[in-house]
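S.K.: The sequence and its predicted three-dimensional model are supplied below.
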Amino acid sequence: MDSEVKYLLSLGAVRDRAKLVGEAAQAGKLSNFDVHEERLGDVAEFVTSVIKVFQRVTFMISKFQKANGVICSEISVQITSTRSRLMVGGSTSRSAMYLA
């Protein structure tokens, strides 16, 4: 893999591009997005909650696979303001779990 491809796949490249987009947004130079500084706390809270749900989803999938001896072929996650529901299915069984 050449160095340009490695860079484009790196965390540094994501940060560099995010910085450019953030600066353009703050300057009002984006046609499809606006920056609302007063909402950044809400956004950070939402992103954190999604990350936590998917960490739990990963754990529950691993637990389901070990308990049932199958590889999950179907995964569905429903996230609402009050709870999250994980449905995991394999070739021989299906299970639903609620994640608080």
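M.R.: That came through fine. The shown structure was predicted, so the numbers you read here are calculated from the model rather than taken from an experiment.
S.K.: what about the chain, any weak spots by pLDDT?
M.R.: Applying pLDDT under 70 to the chain flags the ranges 70-100.
S.K.: residue boundaries of the helices in it?
M.R.: Assigned by DSSP state H, the helices in the chain fall at 3-8, 11-26, 40-68.
S.K.: can those go into CSV with extra columns for distance to residue 33 and mean neighbour count?
M.R.: To be clear about C-beta, it is placed using only N, CA and C from the backbone, and glycine gets the same treatment. Listed next are the helices of the chain as CSV, based on distance: least, Cβ to Cβ, whole Å; neighbours: other Cβ atoms under 10 Å:
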stretch, distance to residue 33, mean neighbour count
helix 3-8, 22, 10
helix 11-26, 6, 11
helix 40-68, 12, 13
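S.K.: any chance of these in TSV, with distance to residue 34 too?
M.R.: Formatted as TSV, the helices of the chain follow (distance: least, Cβ to Cβ, whole Å):
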stretch	distance to residue 34
helix 3-8	27
helix 11-26	7
helix 40-68	12
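S.K.: residues in contact with residue 40?
M.R.: Residues in contact with residue 40 (Cβ atoms under 8 Å, 6 or more residues apart in numbering): none are found.
S.K.: how far away is it from residue 26?
M.R.: The gap separating residue 40 from residue 26 is 11 Å, by Cβ to Cβ, to the nearest Å.
S.K.: same question, residue 36
M.R.: Residue 36 is 11 Å from residue 26, by Cβ to Cβ.
S.K.: go on, residue 13?
M.R.: Residue 13 is 21 Å from residue 26, by Cβ to Cβ.
S.K.: same deal with residue 65?
M.R.: For residue 65 relative to residue 26 (Cβ to Cβ), the value is 45 Å.
S.K.: what does residue 14 give?
M.R.: Relative to residue 26, and taking Cβ to Cβ, residue 14 is found at 18 Å.
S.K.: and if you look at residue 56?
M.R.: Residue 56 is 34 Å from residue 26, by Cβ to Cβ.
S.K.: Repeat that for residue 15.
M.R.: Separation of residue 15 from residue 26 (Cβ to Cβ) stands at 16 Å.
S.K.: what does residue 48 give?
M.R.: Using Cβ to Cβ, one gets 22 Å for the distance from residue 48 to residue 26.
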